[in-house]
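Student: this is the structure alone, sequence omitted:
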């Protein structure tokens, strides 16, 4: 995402209020805008459907179906997203752009097959709601899964305005199609959602494909065992499941949920407060994009360029300190901005709840979720820095902490009763962010040592590999009686 960050930095360089407003505005829209647009689009569909005298039960079935599809598609593609991101990044770094589009098409084919198969099995064994509903659910699930794969590329492109316009156009189409098809009830709403998501998918492909040459139609090199990083598969899965597991536990608990359609449930007591709290993520994500993805990225590049360029120890230490300062300042600024946001929304909580016509009982849960969401932004910033530093084991520890604590703490609060609802999510996010900051602090304190030791270990591993090859040739000479058994050129 540094490519987008550096583009937005141009607005900040204006040294004017307007420039800063543009930078933070675009950063907020890019980082959280697509999510907000999707939720607002679904809400608009529900509001218009109600105004057209569509039954409240059908609206609940629609919104519940969409929520489950989004969650399931994110968890499924979480197994694949980071691994594929790393593969594409390696191709771009090695100037093999010709392989990008063919492998993208291969990834989309694989995603379609896997998500389609899972959708068919679930529809066959768990649903009995009619052919039209089941077919539309499968089609939406497959389309959304493909969108999450394509979204990988949007972060690396500098045409952020086109990307944002694509999301806006896609969800505008969703609203329009759904409104036109309202007379067909639930099936019409789901078909409108599918049509809008198809528009979004093809618009994003229209932005991405021209960026890279297309010499071959289809490749699946990303499935080569030598190209796969298994740890990234676990990190992506743990992260996405960790984000959704508290909602899933509330949906599956009979005391906090109610069946809506087929096996799908929702939780009126939990879903709305946490949705409102997630709207507070926009300011923190804007700072995250501008500071972590620009200031730190710039300091990071300077430090490792100095290491690779054989700079003096004094210069390397100076650049290492600048990188540590960039991380510290970025996290502190996220903390300040998100803290102010939480404070404002906390004070406005009773007014917001009353304005939406919701029971005042929701205010308590809303307050807890606000703190949890703020901690989640900090955790995301820490996780991103760990990825930059290639500290994948630490990233795995962080995402595993998220999954385990959110699952265990939420289960405990469900057992304790309604007074404790929401504390599981809030405590989990705070604990995970705290663990991440402690671990990152330890990593940054020894960054120079770790960098040089990693380089030394790499050189020793390379020499050990060369010696092993020489040893094999020596053994071959001894066994065969030949004097000059040599390696064939690659």
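Tutor: Arrived safely, thanks for sending. As the structure is a prediction and not an experimental result, all values here were calculated from the model.

Student: for the residue nearest the centre of the chain, which non-adjacent residue is closest in space?
Tutor: Centroid check for the chain by CA atoms, centre = their mean gives residue 240 as the closest residue, at 7.4 Å. Nearest non-adjacent residue to residue 240, counting by CB to CB, 6 or more residues apart in numbering: residue 78, 3.4 Å away. Placement of C-beta: from N, CA and C, glycine included.

Student: which strands or helices does whatever helix or strand the one you found lives in pack on?
Tutor: Assigned by DSSP states H and E, residue 78 belongs to helix 56-93. Contact partners of helix 56-93 among helices and strands, from 3 or more CB pairs under 8 Å, 6 or more residues apart in numbering; DSSP states H and E: helix 17-51, helix 100-126, helix 131-154, helix 185-208, helix 230-252, strand 258-261, strand 264-266.

Student: any idea which helix or strand comes after the last one?
Tutor: Once the chain leaves strand 264-266, the next helix or strand it forms, by DSSP H and E, is helix 268-278.

Student: next, the buried residues of that next one.
Tutor: By 16 or more other CB atoms under 10 Å, the buried positions in helix 268-278 come out as 269, 270, 271, 272, 273, 274, 276, 277, 278.

Student: what do you get for stretch 318-331?
Tutor: So for stretch 318-331, counting by 16+ other CB under 10 Å, buried means 319, 320, 322, 323, 324, 326, 327, 330, 331.

Student: how much space separates the closest residue to residue 153 other than its chain neighbours from residue 217?
Tutor: Of all residues not flanking residue 153 in the chain, residue 208 sits nearest, at 4.7 Å (CB to CB, 6+ apart). From residue 208 across to residue 217, the span is 16 Å (CB to CB, to the nearest Å).

Student: same check on residue 368?
Tutor: Taken as CB to CB, the span from residue 368 to residue 217 is 51 Å.

Student: between those two, which one's more packed in?
Tutor: When residue 368 and residue 217 are compared for neighbours, residue 368 comes out ahead with 21 against 9, by other CB atoms under 10 Å.

Student: what's near enough to touch residue 176?
Tutor: By CB atoms under 8 Å, 6 or more residues apart in numbering, the contact list for residue 176 reads 192, 196.

Student: over to it. Which of the three states is it?
Tutor: helix (DSSP: H, G, I helix; E, B strand; the rest coil).

Student: helices or strands up against the biggest helix by length in the chain?
Tutor: What stands out as the longest helix in the chain, according to DSSP state H, is helix 313-355. On a contact count with 3+ CB pairs under 8 Å, 6+ apart, helix 313-355 meets helix 281-287, helix 297-308, helix 362-388, helix 423-445, helix 447-480.

Student: ramachandran angles for residue 214?
Tutor: Dihedral pair for residue 214: phi -120, psi 100, per degrees, to the nearest 10.

Student: can you count the residues close to it?
Tutor: Neighbours of residue 214 (other CB under 10 Å): 13.

Student: just residue 164 next, same as before
Tutor: Around residue 164 there are 17 residues (other CB under 10 Å).

Student: same question for the one 10 residues further on.
Tutor: By the measure other CB under 10 Å, the count of residues near residue 174 is 26.

Student: how about the one 3 residues further on?
Tutor: A count of neighbours around residue 177, defined by other CB under 10 Å, yields 20.

Student: again with residue 405
Tutor: Residue 405, neighbours per other CB under 10 Å, totals 21.

Student: can you check residue 343 too?
Tutor: By other CB under 10 Å, the burial measure for residue 343, its neighbour count, is 11.

Student: look up how far residue 361 lies from it.
Tutor: Residue 343 is 22 Å from residue 361, by CB to CB.

Student: on that earlier part again, nearest to residue 153, of the buried residues of stretch 318-331?
Tutor: residue 330 (24.7 Å; CB to CB).

Student: grab the nearest non-local neighbour of the closest one.
Tutor: Nearest one to residue 330, counting by CB to CB, 6+ apart, is residue 291 at 3.9 Å.

Student: just read off the phi/psi values of that neighbour.
Tutor: phi -90, psi -50.

Student: what is the neighbour count of it?
Tutor: Neighbour tally, residue 291, other CB under 10 Å: 23.

Student: per-residue pLDDT of it, please?
Tutor: With respect to pLDDT, residue 291 has a value of 73.

Student: ok, residue 89 next?
Tutor: 84.

Student: number of residues surrounding it?
Tutor: 12.

Student: what's the separation between it and residue 117?
Tutor: Distance from residue 89 to residue 117, by CB to CB: 28 Å.

Student: try residue 346
Tutor: 45 Å.

Student: give me the more crowded residue out of these two.
Tutor: Higher neighbour count among residue 346 and residue 117: residue 346, with 15 against 12, using other CB under 10 Å.

Student: look up phi and psi at residue 391.
Tutor: The phi/psi pair for residue 391 (degrees, to the nearest 10) is phi -90, psi 70.

Student: quick check: it touching residue 442?
Tutor: No - Residue 391 is beyond contact range of residue 442, at 10.2 Å (criterion: CB atoms under 8 Å).

Student: what about the two, which has more around it?
Tutor: More neighbours surround residue 391 than the other of residue 391 and residue 442, with 18 against 11 (other CB under 10 Å).

Student: next up, the contacts around the more buried one.
Tutor: Residue 391 sits in contact with residue 443, where contact means CB under 8 Å, 6+ apart.

Student: what separates it from residue 435, distance-wise?
Tutor: 13 Å.

Student: same check, this time on residue 78
Tutor: 20 Å.

Student: which residue is the nearest non-sequential neighbour of residue 143?
Tutor: residue 197 (4.6 Å).

Student: show me what contacts that neighbour?
Tutor: Contacts of residue 197 (CB under 8 Å, 6+ apart): 140, 143, 144, 147, 170, 174.

Student: got it, and residue 359?
Tutor: Contacts of residue 359 by CB under 8 Å, 6+ apart are residue 353.

Student: A helix includes it, no?
Tutor: No - Residue 359 is assigned coil when assessed by three-state DSSP, not a helix.

Student: state the distance from it to residue 271.
Tutor: In this view, residue 359 and residue 271 are 14 Å apart by CB to CB.

Student: check residue 165 too.
Tutor: 30 Å.

Student: and what of residue 378?
Tutor: With CB to CB as the criterion, residue 378 and residue 271 are 24 Å apart.

Student: for residue 111, same thing?
Tutor: 27 Å.

Student: repeat for residue 258
Tutor: 11 Å.

Student: so, low pLDDT: which residues of the stretch 251-400 of the chain?
Tutor: 293 (pLDDT under 70).

Student: redo that, cut-off 90
Tutor: Low-confidence segments of the stretch 251-400 of the chain (pLDDT under 90): 255, 262, 268-341, 345-366, 377, 380-381, 384-385, 387-390.

Student: and what of the stretch 101-250 of the chain?
Tutor: Scanning the stretch 101-250 of the chain for pLDDT under 90 picks out 101, 124-131, 148-186, 188-189, 192-193, 196-197, 200, 203-229.

Student: the same query, at a cut-off of 70, please.
Tutor: Ranges of the stretch 101-250 of the chain meeting pLDDT under 70: 154-161.

Student: what helices or strands is the helix or strand hosting residue 407 leaning on?
Tutor: In the assignment (DSSP H and E), residue 407 maps to helix 392-416. Here helix 392-416 touches helix 230-252, helix 362-388, helix 423-445, going by 3+ CB pairs under 8 Å, 6+ apart.
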